[in-house]
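**Student:** below: sequence and its predicted model.
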Amino acid sequence: MNYQPRPDEARFLLNAVLDAPARLRALAPFAEVDDALQTQVLDEAGKFVAELIAPLNRMGDEIGCRFADGEVITPPGFRDAYKAFVEGGWPTLSVAPEDGGQGLPALLEAILFEWLSAANHGFTMAPGLLHGAYECLKHHGSEALKARYLPKIASGEWLPTMCLTEAQAGSDLGQVRTRAVVQADGSVRVTGGKIFISSGEHDLSENIVHLVLCRLPDAPAGPKGLSLALVPKRLPDGTRNAVHCERIEEKMGLHGSATCTMRFDAATGWLIGEANRGLAAMFVMMNAARLHVALQGIGLLDAAWQKAEAYAHERRQMRAPGPEPASRGGEAADLIAEHPAMRRILDTQRAWIDGARLIAYRTAVQLDVARHDSDSKTRERAQRWCALVTPVLKAACTQQAFHGASDCLQVFGGHGYVRESGIEQVLRDARVTMIYEGTNEIQAIDLLVRKVLPDGGAGMSALLVELRDELDASREAEADVQRRLAQLRYLGTTLAMAAPADAVLPFEVADDYLRVVMLAMLAWAWARIERASPAGDARWSRPAAAFRRWVLPEFELRLGIVKRACEAVSARQAAA
């Protein structure tokens, strides 16, 4: 089966749980974005994804991208689908009206790309950087660069790439060697090689705009010496630039997306932003990009769950334990969905999808609040949320996408291990999300070492207090969540006290700390969902019960791991 977006479920989370439309309408740019417009956008997005993008997923995986003579041919149907994507105005959802966009909230774009990733991850890789590149150029590009390239990127007519990684550097961007030499006319000549460049070459758009991390001749060593250059495939006069795709990777998954090894041979480009300030310009893209990768994880897990749930209601195997299910109907065997072991898998993954989705949607709202709210303190709180929560979402959601998809494959038994079921493709495609946009370990280190510990945990503590104050202590389930949030706040203080005595400690426990933060936030999310959902509605009550029974107990495990590591440091101090 192909993936089917569920706009009604998204609207429930947005309207009944988050009250997102009212929050967004309070921001000046979205004062006229009413419920009817939101509903129309989501319904049309759901139709577009289901009818045009999802049916190409299987072909994209089986045929994949082909490479010949430096050119990449995308799978059949991808070019027409991308043309329809551009003509439908989908790239311009959250682009500012003055740049030819629709000026809609980032939230609606986030949901669209969640669905696109779930339906056809390979296809979605190509337009996935459009908005980030638009923001980067809008805020840091010269007026001349913006005039020439911003409208084409904003509309999706030209697709961008992000060229960071080099063979010797990997995630250590300070080791980047690609060189840029400034010319008399203000342009630069860029020379070097980049690897793992998604959609570095393709036939979807006439031009490809590469954003390339590079180093000027007199630049200081390390990341502080990096500049960012815009290097197009085709120059303004239409001639081909000295940009070459040397090969495409043969990958575990994402066969519908070309992952390219690129070579720049004194290619013509122009600096974006200040010299030696390339990372500052590129970081404009980071929070939104990490949120989009988190939503890829959520979407892929939802795609796996939809396949497994459908199969579980078709396939009969043995008798289920317990009372005779109504679905038996005289059959010799019961549906797989009636077996407790399979129901546990399905309801557990549903608990992750819905809870993580709520956190991600709130984060998308906070991105717009951070940009547009009239109150500076409110903007600061929203920026704090985005800085702290996006690495948590990126790491936890992508990890669950892979492991949850593996669990969903288990529902199929042997039929899941063969290609015709389609579930194994989700598993393969999902694996890379734990690696790119900063590996999950890097996300955990970023959270704990760079964002929580420098202020002694005060910022994270303030965020947790906000979540606590949204809950009702008179409700038993919500009081339990408040208790866990308090435990997490205390854990931050404990870490802040222990870390100065052991420089290795934060790096050792960063993964566990991130995981316990995600579990606490999921508990908050489910408390909010349960309060808003109709009593007795199995659609929400079953995953809520699964969350409490099968997911939340991990909170104590991870909390204990970090606490014991801190206690060991204290014990060594006392013995010294």
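**Tutor:** Thanks, I have the structure now. Numbers count the residues shown, from 1 in each chain.
**Student:** could I get the CA-only coordinates of stretch 523-533 as CSV?
**Tutor:** C-alpha atoms of stretch 523-533 as CSV (Å, rounded to 0.1, in the frame of the first residue of the first chain):
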residue,chain,number,x,y,z
ALA,A,523,4.9,12.2,28.6
TRP,A,524,3.9,15.9,28.4
ALA,A,525,2.6,15.5,24.9
TRP,A,526,0.5,12.5,25.8
ALA,A,527,-0.9,14.3,28.8
ARG,A,528,-2.0,17.1,26.5
ILE,A,529,-3.4,14.7,23.9
GLU,A,530,-5.4,12.7,26.5
ARG,A,531,-6.9,15.8,28.0
ALA,A,532,-8.1,16.9,24.5
SER,A,533,-9.2,13.6,23.1
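**Student:** pretty sure residue 266 is in a strand, no?
**Tutor:** Yes. Checked against DSSP: H, G, I helix; E, B strand; the rest coil, residue 266 lies within a strand.
**Student:** show me where the stretch 451-576 of the chain has its helices.
**Tutor:** 458-469, 476-498, 505-532, 538-546, 554-575 (DSSP state H, counting those that start in this stretch).
**Student:** need those helices in TSV with mean neighbour count, can you?
**Tutor:** Every C-beta, even on glycine, is put in place using the N, C-alpha and C of the backbone. What follows is these, written out as TSV (neighbours: other Cβ atoms under 10 Å):
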stretch	mean neighbour count
helix 458-469	17
helix 476-498	18
helix 505-532	23
helix 538-546	17
helix 554-575	15
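**Student:** just so I know, which of the ones you listed lies nearest residue 104?
**Tutor:** For the helices of the stretch 451-576 of the chain, the distance to residue 104 is smallest for helix 505-532, at 24.0 Å, taking Cβ to Cβ.
**Student:** which secondary structure elements does that closest one contact?
**Tutor:** For helix 505-532, the elements it packs on are helix 340-372, helix 376-411, helix 440-445, helix 458-469, helix 476-498, helix 538-546, helix 554-575, judged by 3 or more Cβ pairs under 8 Å, 6 or more residues apart in numbering; DSSP states H and E.
**Student:** reformat those as JSON lines; add mean pLDDT and distance to residue 143.
**Tutor:** Output for the helices and strands packed on helix 505-532, formatted as JSON lines (pLDDT from 0 to 100; distance: least, Cβ to Cβ, whole Å):
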{"stretch": "helix 340-372", "mean pLDDT": "97", "distance to residue 143": "21"}
{"stretch": "helix 376-411", "mean pLDDT": "97", "distance to residue 143": "26"}
{"stretch": "helix 440-445", "mean pLDDT": "97", "distance to residue 143": "35"}
{"stretch": "helix 458-469", "mean pLDDT": "97", "distance to residue 143": "36"}
{"stretch": "helix 476-498", "mean pLDDT": "97", "distance to residue 143": "45"}
{"stretch": "helix 538-546", "mean pLDDT": "97", "distance to residue 143": "51"}
{"stretch": "helix 554-575", "mean pLDDT": "94", "distance to residue 143": "50"}
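**Student:** can you say which of these is nearest to residue 81?
**Tutor:** Per Cβ to Cβ, nearest to residue 81 of the helices and strands packed on helix 505-532: helix 376-411, 23.1 Å.
**Student:** what about the next helix or strand after the closest one, distance to the chain center?
**Tutor:** Heading C-terminal from helix 376-411, the first helix or strand you meet, by DSSP states H and E, is helix 423-431. Offset of helix 423-431 from its chain centre (Cα atoms, centre = their mean, to the nearest Å): 16 Å.
**Student:** and if you look at stretch 108-121?
**Tutor:** In this view, stretch 108-121 has its centroid 10 Å away from the chain centroid, taken as Cα atoms, centre = their mean.
**Student:** quick one: which of the helices and strands packed on helix 505-532 is nearest residue 179?
**Tutor:** Comparing the helices and strands packed on helix 505-532 by Cβ to Cβ, helix 440-445 comes nearest, at 25.7 Å.
**Student:** counting by contacts, list what that closest one packs against.
**Tutor:** helix 376-411, helix 505-532.
**Student:** in CSV, list the ones you listed along with distance to residue 10.
**Tutor:** Below are the helices and strands packed on helix 440-445 laid out as CSV (distance: least, Cβ to Cβ, whole Å):
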stretch, distance to residue 10
helix 376-411, 16
helix 505-532, 13
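**Student:** could you dump the helices and strands packed on helix 505-532 to TSV with distance to residue 94?
**Tutor:** Formatted as TSV, the helices and strands packed on helix 505-532 follow (distance: least, Cβ to Cβ, whole Å):
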stretch	distance to residue 94
helix 340-372	8
helix 376-411	15
helix 440-445	24
helix 458-469	24
helix 476-498	31
helix 538-546	29
helix 554-575	35
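**Student:** tell me which residues of the least confident helix or strand in the chain by mean pLDDT come out buried.
**Tutor:** Ranking every helix and strand in the chain by mean pLDDT, DSSP states H and E puts helix 278-282 at the bottom, with a mean of 85. For helix 278-282, the neighbour count (16 or more other Cβ atoms under 10 Å) marks 278, 279, 281, 282 as buried.
**Student:** residue contacts, the second one?
**Tutor:** Residue 279 makes contact with 173, 213, 223, 226, 228 under the criterion Cβ atoms under 8 Å, 6 or more residues apart in numbering.
**Student:** apply 7 Å and report the result again.
**Tutor:** Applying Cβ atoms under 7 Å, 6 or more residues apart in numbering to residue 279 gives the contacts 223, 226.
**Student:** any idea how far residue 273 is from it?
**Tutor:** 10 Å (Cβ to Cβ, to the nearest Å).
**Student:** just confirm residue 169 is within a strand.
**Tutor:** No. Judged by three-state DSSP, residue 169 forms no part of a strand; its state is coil.
**Student:** verify the stated contact: it with residue 176.
**Tutor:** Yes. With contact defined as Cβ atoms under 7 Å, residue 169 reaches residue 176; the gap is 5.4 Å.
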